[in-house]
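In: can't give you the sequence, but here's the structure:
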C-alpha cells in the first residue's frame, strides 16, 4: 500500500521578527477582521497593522507594516483585581519570616521582582499578559475591532485602535464589572457556591507552633483557636472569591441582531475556575456629540456552572456564514468550553441584550464531550465562516495533548469522534482552520506546523517534510525547520486564509563574559514571529481560485487585507536583492551585475499582478454575459474590481510597470464610479416615485443632494460608450434638476451623437467634434472660492488646486473632517444628518431581498468605501 507524499510547508528562520519578551502560555497570537495581528508577550501586546492610513497622515511613505504596543498600567487606581487579602489572615502568617515562601505567597504587595520569566516565587505573577482577544467589526470606533487583553491576575482591559494620537487607549476594565456584579450577589450564583472549607489551610499548619526545635530566634507565637477559626473561614472565602473572579479564557462572538430585530449585540464569555459568565456587548455609538453607551451590560445575560468539569482552559463561539457586511438575526448561539480535565462543554446561549432583573439565567450544559485519553483541552474550533449553523459539515475540532479529534455536533450521544489521530510528538499549542473549515492547521512544542484534511485526518503539508526533487521551485525551497525546531507557542490563520502567523519560543542565548570570556546564558527567554504563506496560495492559479471563491461566498472585501499583505510581501521578495530565489553565490553576482538568471526571470512577475488581471478579466467577462441576459434587476457589487483596486493601490509596482498600473487603476475607478452613479440615481428616481413627487420637488429642501445628483449625471454623460439606459437616466436627471440652457445643450449633444452613429463611418475613426460634451461647472473651490471645472478622475480648480472627489456624493471634498478609507486611502465628506433623513447616495432606501440580513438597527454610520470595499474611519482634525 502506497501513501501520498506529504508536501513541504516552507519556513524561513531568517525572516522571523524578534519580539521583546515571550508568551507565558500558548495561544497568544490572533488576527482581527480588519487585518491586524496581535501577539502576546509577558509585558506587552504587539499589534501589527498593514498600511496604517492614520500613520500615513503623519508620515507619508512610511513603513508598510506599523507596530503598536499595549502595555500594562503602571499604577492602577481603585481596582479590585487581584482580590484583596482579608486583614484577618495576618494572624496566620504573623510568625512567618519575611523571606519565606509562604509569606511571599500571602503578601503580593511585598514582591519586588518584575521579571515574569524568572523562576522565583517572589515574582509579581499578576503583572503579565496571558492572552488577547479581538472583538468583531464595529466593536471599536469607525467599524474597527477592539482588543481585549487578559493578564495573569485576571485583569480584563478593553483597548481601542489609535487614531491621531497613535496609541492604543485603555477605555474600560471589564474585570471591575465582574467584581461589582459578583459583589452584588455576595459571590454566590448557585447552591454549590455556599459550601465552606472546614480543613485548615496549609498556611495555618505552617504557622502553628511545632516545638522549640529551631531555637528561640525563630520561635512562633501560639495562635488563639477563635482567631484561627476566623482566619480559616477568611482563607476559604478569599479562595472562593479568587476562583469566581478568575478568567482564564475569553470568547467574543460576532455582532448579531436579536430575534425582535430591535438591538444589535455581541456576546462575550468570561470563563475561569468555577463559572462562565456571558455578557452582552452592545453595538457602541461613536457619533460625535452623543453619549457613549456602556460597553457591557449591567449584568451577565447567562452563566454556566463549570466547576465540576475542571478549569476552563479554552473557549470558542459557533462560527457562522457571513453575507456581506450586514449582521444576521439569531435567537441563540452555540458555545464550546474546553477544560483542564479533558471535557468539552457544549451550551446554547440565547442572544439577548441584558438579563431580566439583573438576574442571569443559568444555562444547562447540552453535551459533554470527553477528549481522547482525557487530556487537557487546549484548542477548539467550531464551524467556519463558510458553513451555516445548520450545515452537516459544521463540526467540532478538539486539540488535547498531542491528539486532534473531530466531532459531529448533530449526534448528541456520540461517544467516539468521527476522526482521531496523533498530530505531533508534543502537546498541541496552536489550532486553526481555513476559511472553508475543511482543512486544519496545527502547531506544537515539537516545533512543527502541519496541515490536515478535516474529515480523514490525512496529513497534507508539514514543516518537517522531506522536499521532493521534481523540479518544482516551491518544493525545493530550503526548509530550516529541520535544524531549528523551536517550540511553537501560537498559531493563527488570517481571515481570508492567505497566511499563517506563528510565534516561536527561542531558548536563552549565550554570550561571552566580559572578564573571563566564558559563555554565560541569558536569564530571559525570547520569541519570534514569522509570517508563513498558506499552502493554497503557493501558485497564482491556486490563489485566484481561493480568492474568487471567498469573494463569492462572503460578498465582501472588508476582510481582504491579509491577501494584500501576502501579495505585498511576495512583491517585495521579487523586487529586492534578498528575494526568495536562488541564493547561491553565482545568482547573487548576477543580481549585482544586473544579469538575471533563468529562475529569476520566471519569478520576476509578482503574484499580485496575475491575481489582479484574472479578477478584472473575470469581472468584465461576467458583465458582458449578463448584459445580454439582463432582466432589469439590480446588478451585484463588482467585488472583483474592488479587490483588484485594493491590491493595486496598496502595492508599489516596479518602475517599468507603473504606467500599466496607472492605466489599470484609471479603468477600474471609472468602471466602479459608473456602477455607483447609476445605482444611486436609480434609487433616487425610485424614491421620488414612491413618494409620488417629481424629482425637483423631492430634492427641493436639499441643495447638496441636488448638486450630488447633477454631478453623478455629469460623470455618466462623459462616458464612452454610454449605455442607452444610462443615457435615459442622465436625461431624466437633467430635465428635472438642471437649468433649461444646460438641458438644451445635452439634448443637442444626444441628437448629434445619434446622427453620427447612423452614418456609415468606420468604427476606428474618431467621433466628430460636435459629439464632444463638457458638463458645466457646478462647484467652487473651498480654498480659493473659484469655480471648479468638471473633471472625470482628476479635479483641479481655476487656481490649480487639486481637489478630491467624495466617493459617496461625487462632489468635491470641501472640509478637513472626512471619512478616510482604511484600504485604498480615498476620502468621503462628512455626512449631514441634521434633517433627520439620510442622503439618497447612502442607499438606505433600497429594499433588502434577504430577510435574514439585519435591518438598519445595525447600520449606525457604518461607512464602506465604494471603490475598494474597505471600512472607513472618521478623521476629525
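Out: Thanks, I have the structure now. It should be emphasised that the depicted structure is a prediction, and the values quoted were computed from it without experimental measurement.

In: residues contacting residue 498?
Out: 533, 534, 537, 562, 563, 565, 566 (C-beta atoms under 8 Å, 6 or more residues apart in numbering). All C-beta spots, glycine's among them, are computed from the backbone N, C-alpha and C.

In: Mind pulling the model confidence for it?
Out: For residue 498, the model assigns a pLDDT of 93.

In: distance of it from residue 322?
Out: Between residue 498 and residue 322 the distance, using C-beta to C-beta, to the nearest Å, works out to 17 Å.

In: cool, residue 556 as well?
Out: Counting by C-beta to C-beta, the gap from residue 556 to residue 322 is 7 Å.

In: go on, residue 308?
Out: Summarising the geometry, the distance separating residue 308 from residue 322, computed by C-beta to C-beta, is 36 Å.

In: The nearest residue to residue 50 once chain neighbours are set aside: neighbouring residues, count only.
Out: Nearest residue to residue 50 in three dimensions, chain neighbours excluded: residue 565, at 4.4 Å (C-beta to C-beta, 6 or more residues apart in numbering). Using other C-beta atoms under 10 Å, the number of residues around residue 565 comes to 24.

In: swap in residue 655?
Out: Here the neighbour count serves as a burial measure; for residue 655 (other C-beta under 10 Å) it reads 8.

In: what does residue 649 give?
Out: Residue 649 has 21 neighbours, counted by other C-beta under 10 Å.

In: Hmm, it is touching residue 825, no?
Out: Yes - at 6.8 Å, residue 649 counts as touching residue 825 under the criterion of C-beta atoms under 8 Å.

In: Can you tell me which helices and strands the longest helix along the chain packs against?
Out: If you go by DSSP state H, the chain has its longest helix at helix 658-690. Here helix 658-690 is seen to pack against helix 607-628, helix 639-650, helix 695-698, helix 703-717, helix 724-737 when contacts are counted using 3 or more C-beta pairs under 8 Å, 6 or more residues apart in numbering; DSSP states H and E.

In: buried ones in the last one?
Out: By that I understand helix 724-737. By 16 or more other C-beta atoms under 10 Å, the buried positions in helix 724-737 come out as 726, 727, 729, 730, 731, 733, 734, 736, 737.

In: Residue 722 looks like it's in a helix, true?
Out: No - read with DSSP: H, G, I helix; E, B strand; the rest coil, residue 722 is coil and lies in no helix.

In: Residue 308 and residue 322: which has the busier surroundings?
Out: residue 322 (20 against 11).

In: how about the more buried one, what does it touch?
Out: Contacts for residue 322 (C-beta under 8 Å, 6+ apart) come out as 254, 328, 385, 554, 556.

In: Equivalent analysis for residue 570, please.
Out: Shown here is residue 570, whose contacts under the criterion C-beta under 8 Å, 6+ apart are 533, 606, 607, 608.

In: picking that back up, which of the contacts of residue 322 fall in helices?
Out: Among these, the ones falling in helices (DSSP H) are residue 554.

In: Buried ones from the contacts of residue 322, can you make that a PyMOL selection?
Out: Typed into PyMOL, the line below selects the buried ones among the contacts of residue 322, using 16+ other C-beta under 10 Å:
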select buried, resi 254+328+385+554+556
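
In: Pick out the lowest-pLDDT one from the contacts of residue 322.
Out: On pLDDT alone, residue 385 ranks lowest of those, at 78.

In: and of the contacts of residue 322, the nearest to residue 358?
Out: Distances from the contacts of residue 322 to residue 358 were compared by C-beta to C-beta; the smallest belongs to residue 254, at 25.4 Å.

In: what about the closest one, distance to residue 304?
Out: From residue 254 over to residue 304 the distance is 20 Å, taken as C-beta to C-beta.

In: same deal with residue 715?
Out: Distance from residue 715 to residue 304, counting by C-beta to C-beta: 56 Å.

In: so what secondary structure elements neighbour the host helix or strand of residue 315?
Out: For residue 315, the element it lies in under DSSP states H and E is strand 312-317. Here strand 312-317 touches strand 249-252, strand 264-271, strand 332-339, strand 377-382, going by 3+ C-beta pairs under 8 Å, 6+ apart.
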